[in-house]
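Visitor: Build me a model:
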Amino acid sequence: MQKIRHESVAPTRTQRLESGGEIDAHRHDDHQIVYAGRGTIAVTTDAGSWIAPATRALWIPAGTVHQHQAHGELDLHLVGLPTTENPLGLDEPAVLTISPLLRELIVAYTHAPDNDSPPHLRLRAVMLDQLALSPEQPLHLPVPTDPLLRELHGILRADAADNRSLDDLGRQIGASARTLSRRLRGDLGLAYPQWRTQIRLHHALILLADGIPVTTVAHRCGWSSASTFIDVFRRTFGHTPGTRPVT
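Guide: From the prediction side, this is the model:
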């Protein structure tokens, strides 16, 4: 059984992680904001995985068992918050949009975490105000509880470019497309195309962080063309793949 570390206080700090580096499963009694100023960070819990490029941050509620993995070299910024401070009122992990201003506030705050001077405390107050304005993004890849869906999930995660229909996939695992669609809506609240797109976008973010060219990423993730992939990516993230957002 995997040992889970318990840290009573969620750290506030800046650290580097090499591509493929991990922070093992742990929990803390505080909330935590996880932001990667460079690279892409993935956080995994029992309920699924969340992934965030440089325009997003992750909210980890107090008590949540989670682990981190770096895709691409990571500049990781961690902000611990006591349970009395929850700017968005979230009790589950979430991906948040990070504005250019909020990015700079988080970076500045985590570079001097033990500074209790009045200017630093004002910086913290503005950071919390900006967090309260950060919209939640649908970048959660939930883990199904249904055994059939777990089997389907494994197939799609193993090969994001698998373009077989739900009928064809259903025949492989012994279930009709109608049954799988019904269970998907009941278990995850998603239609099959929505779920498949989420899986593909998660995989695409990882490949992009590892420096894979956009055209190759589109092919490996099952899009019919690079232009189709770029359009879906832009509508989801607000910028094109391979283009670092202006901060």
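
Visitor: contacting residues around the helix or strand where H153 lies?
Guide: H153 belongs to helix 147-158 when assigned by DSSP states H and E. Identification of contacts with helix 147-158 by CB atoms under 8 Å, 6 or more residues apart in numbering yields 143-144, 162, 169, 172-175, 179-180, 183-184, 187-188, 196, 199, 203. (Each C-beta comes from the backbone N, C-alpha and C, glycine too.)

Visitor: ranges for the strands of this structure?
Guide: 5-7, 13-17, 22-28, 31-45, 48-52, 56-60, 66-81, 94-97, 136-137, 140-142 (DSSP state E).

Visitor: and the ones you listed as JSON lines, adding mean neighbour count?
Guide: Listed next are the strands of the chain as JSON lines, based on neighbours: other CB atoms under 10 Å:
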{"stretch": "strand 5-7", "mean neighbour count": "12"}
{"stretch": "strand 13-17", "mean neighbour count": "15"}
{"stretch": "strand 22-28", "mean neighbour count": "16"}
{"stretch": "strand 31-45", "mean neighbour count": "22"}
{"stretch": "strand 48-52", "mean neighbour count": "22"}
{"stretch": "strand 56-60", "mean neighbour count": "25"}
{"stretch": "strand 66-81", "mean neighbour count": "21"}
{"stretch": "strand 94-97", "mean neighbour count": "20"}
{"stretch": "strand 136-137", "mean neighbour count": "16"}
{"stretch": "strand 140-142", "mean neighbour count": "20"}
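
Visitor: still on that earlier bit, over the helix holding H153, what's the mean pLDDT, rounded is fine.
Guide: The average pLDDT within helix 147-158 is 91.

Visitor: Which parts of it count as buried, going by neighbours?
Guide: Neighbour counts over helix 147-158 (16 or more other CB atoms under 10 Å) mark 148-149, 152-153, 156 as buried.

Visitor: swap in stretch 229-246?
Guide: Going by neighbour count (16+ other CB under 10 Å), the buried part of stretch 229-246 is 229-230, 232-233, 236-237, 241.
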